[in-house]
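> Sequence and predicted structure, then a few things I'm wondering about:
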Amino acid sequence: MAEEELPGVLVLDVGGAHGVLAELAALLRKHFHLITMKEFLANQRELSTRIHAVFVFEGRPRIDRELLQSLPSLKVIGNSGVGVDHLDLALISDFGVKVTNTPHAVADPTADMGMALMLASARRLVEGNV
């Protein structure tokens, strides 16, 4: 399928301090035409109807009324984190847009870190490493 035929997904950027990781961008490109916020703002008139999804990575891009109004074809906002506290679900719902997240993505690493901290504390490991 040609890139123009793929549904567009808006991301803040690829790489850099707040952009989507390059490996994740490669995965997204298999299913979507990736559009960065910079590209979107430079050519909003043409790209606004091509964007069907927004991928929120580390809370960016910020989803507000102005952005939602500028994306008439938007169907879903995918959040790459556990919580959705940073999203105004009522506002998003008013636009008929669905929200997804990844609630179990970090469950195992969190449990591993918790166990490691308890073991380190019980054995006073940190004190011996100074």
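Cool, the structure landed. What you are looking at is a predicted structure, and each value in this text was computed from that prediction instead of being measured.
> And the average pLDDT for the longest strand along the chain is what?
Counting residues, the longest strand found in the chain (DSSP state E) is strand 51-56. In this model, strand 51-56 has an average pLDDT of 95.
> Can you give the contact residues for that strand?
Under the contact criterion CB atoms under 8 Å, 6 or more residues apart in numbering, strand 51-56 has outside partners 7-11, 20, 28, 32, 35, 40, 61, 63, 67, 71, 73-81, 87. Using the backbone N, CA and C atoms, a C-beta is placed for each residue, glycine as well.
> which among those residues end up buried?
8-11, 20, 28, 32, 35, 40, 61, 63, 67, 71, 74, 77-81, 87 (16 or more other CB atoms under 10 Å).
> tell me the contacts of Met118?
For Met118, no contacting residues are found, by CB under 8 Å, 6+ apart.
> What about the buried ones among the contacts of strand 51-56, which are in strands?
Judged by DSSP E, those include Gly8, Val9, Leu10, Val11, Ile35, Ile77, Gly78, Asn79 as members of strands.
> what phi and what psi does the backbone show at Leu119?
Here is the backbone geometry of Leu119 (degrees, to the nearest 10): phi -70, psi -40.
> Fine, thanks again, bye for now.
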